[in-house]
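Chemist: Have a look at this prediction, sequence included:
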Amino acid sequence: MSDIPVVERVDTAVFTVPTDAPEADGTLSWDSTTLVLATVRCGDVTGLGWTYAPPATARVVDGLLAGVVTGSPAWDVPGTNEAMRRAVRNAGLPGVAAQAIAAVDVALWDLKARLLGLPLVRLLGAAREDVPVYGSGGFTTYDDERLERQLRGWAEEEGIPRVKIKIGESWGRREERDRQRVGRARAAIGDRADLYVDANGGYDAKQAVRVGRALADQGVTWFEEPVSSDHLTTLALIRGQLPLDVAAGEYGYTLPYFEHMLAAGAVDCLQADVTRCGGITVWLRVAALAEARGIAVSGHCAPHAHAHAAAAVPNLRHLEWFHDHVRIERLLFDGCLNPDGGTVAPGADGAPGLGLTLAGGRAQTYRVG
């Protein structure tokens, strides 16, 4: 037992990065994004994990999780994940606590793979060599020129054959502008790429069906959160009335959440976010739940936290190449992936773990905690 490496230290850091332009979706606006970084150490080896969450998330790691994780076997990530879940019982798991667990869990998997000298995808076992991505942004605050430039950048310059824009502006009160923006998006990419939309729960049920039928006429194939994902019966009803694929799940913090969504027949593709649902440990279980029902899974945002796990599941549809998080991960980390041609290849360079290192000088500029 003395030969088993253990986690010797857990640390956190908080980074806030301003957006490169004002951003909004159907139900929220923002001008900066915060990344909470967790690092776990064993000897001279360090694992990195993160979540996009409020700075208070770091306090959960420091106050509730670090004591549980320190001294735990570096090989036994699922066991440590369970110990963390039990440690936040009275704090409440969904929300910030789940995001804190997710950051540490990703770091633990990164650490284990680094200790073994393997890319994480090789430790997990690859189901595919390449992970399809889709360009995601198209914020409702963009003017026509900026929207078209972003979409053409993905479709023409990087060869990504799938792009997504935000609709449902102002909680669905600007439906005509939504339709116009979808039309401009289609004109910008032509027939070169699939067109997806995300309403972020901004519509009501009948409006979602009405808009969805118009979207289908414009060749849209993916309708994300047409209504709030809290309303599973309504999502299922909308799914049954539209030819587009209905997707949701990004706000899942626990495994039972995803089972309820699948049991309700609410989605054609299940989204799960490794930085929210409890980390890679739980994300892989979510993918297995979906596979058992013949449903594909898609990784939500945080592309570099997802990529290796995404390559390890056979029922993956794609991974979200989200504008904000791609910018932040390229600023804070060295070793980021290249999506040219519409896929990324995690582990292809042989670098251990997630293949990332913190870019100390660049990162320090944005550190706030």
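Modeler: Now that the structure is in, tell me what you want to look at. Numbering: from 1, shown residues only.
Chemist: in what helix or strand does residue 123 lie?
Modeler: helix 120-124 (DSSP states H and E).
Chemist: buried ones in the longest strand along the chain?
Modeler: As assigned by DSSP state E, the longest strand anywhere in the chain is strand 9-24. By neighbour count on 16 or more other C-beta atoms under 10 Å, the buried set for strand 9-24 is 10, 12, 13, 14, 15, 17, 19, 23, 24. C-beta: built from backbone N, CA, C; applies to glycine.
Chemist: pLDDT on it, on average?
Modeler: Averaged over strand 9-24, pLDDT sits at 97.
Chemist: hey, where'd the helices end up in the stretch 151-300 of the chain?
Modeler: 169-172, 175-189, 205-217, 232-241, 255-263, 280-292 (DSSP state H, counting those that start in this stretch).
Chemist: List the contacts of the fifth one.
Modeler: With contact meaning C-beta atoms under 8 Å, 6 or more residues apart in numbering, helix 255-263 is reached by 94, 229, 232, 235, 248-249, 252, 267, 270, 272, 277-278, 282, 285-286, 289-290, 293, 295.
Chemist: Who are the packing partners of the helix or strand bottoming out on mean pLDDT in the chain?
Modeler: Among the helical and strand segments of the chain, the one scoring lowest on mean pLDDT, DSSP states H and E is helix 360-364, with a mean of 93. Counting by 3 or more C-beta pairs under 8 Å, 6 or more residues apart in numbering; DSSP states H and E, the packing neighbours recorded for helix 360-364 are helix 323-332.
Chemist: Determine the next helix or strand in the C-terminal direction from the helix it packs on.
Modeler: strand 333-334.
Chemist: burial count for residue 349?
Modeler: Using other C-beta atoms under 10 Å, residue 349 is surrounded by 10 other residues.
Chemist: hang on, the earlier thing: in the least confident helix or strand of the chain, what's buried?
Modeler: Quick answer for helix 360-364 (16+ other C-beta under 10 Å): residue 363.
Chemist: now stretch 135-148
Modeler: The neighbour-count criterion (16+ other C-beta under 10 Å) identifies 135, 136, 137, 138, 139, 140, 141, 142, 147, 148 as the buried residues of stretch 135-148.
Chemist: One more: stretch 152-162?
Modeler: Buried residues in stretch 152-162 (16+ other C-beta under 10 Å): 152, 154, 155, 158, 160, 161, 162.
Chemist: Start and end of it, how far apart?
Modeler: End-to-end distance for stretch 152-162: 11 Å, by C-alpha to C-alpha, to the nearest Å.
Chemist: And stretch 188-200, by the same measure?
Modeler: End residues of stretch 188-200 are separated by 23 Å (C-alpha to C-alpha).
Chemist: what's the answer for stretch 312-319, then?
Modeler: 13 Å.
Chemist: how about that stretch: buried residues?
Modeler: 312, 313, 315, 316, 317, 318, 319.
Chemist: any chance of those in TSV, with pLDDT and secondary structure too?
Modeler: Shown next, in TSV, are the buried residues of stretch 312-319 (pLDDT from 0 to 100; DSSP: H, G, I helix; E, B strand; the rest coil):
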residue	pLDDT	secondary structure
312	98	coil
313	98	coil
315	98	coil
316	98	strand
317	98	strand
318	98	strand
319	98	strand
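Chemist: For residue 208, state which of those residues is nearest.
Modeler: Distance to residue 208 across those (C-beta to C-beta) is lowest for residue 317, with 21.3 Å.
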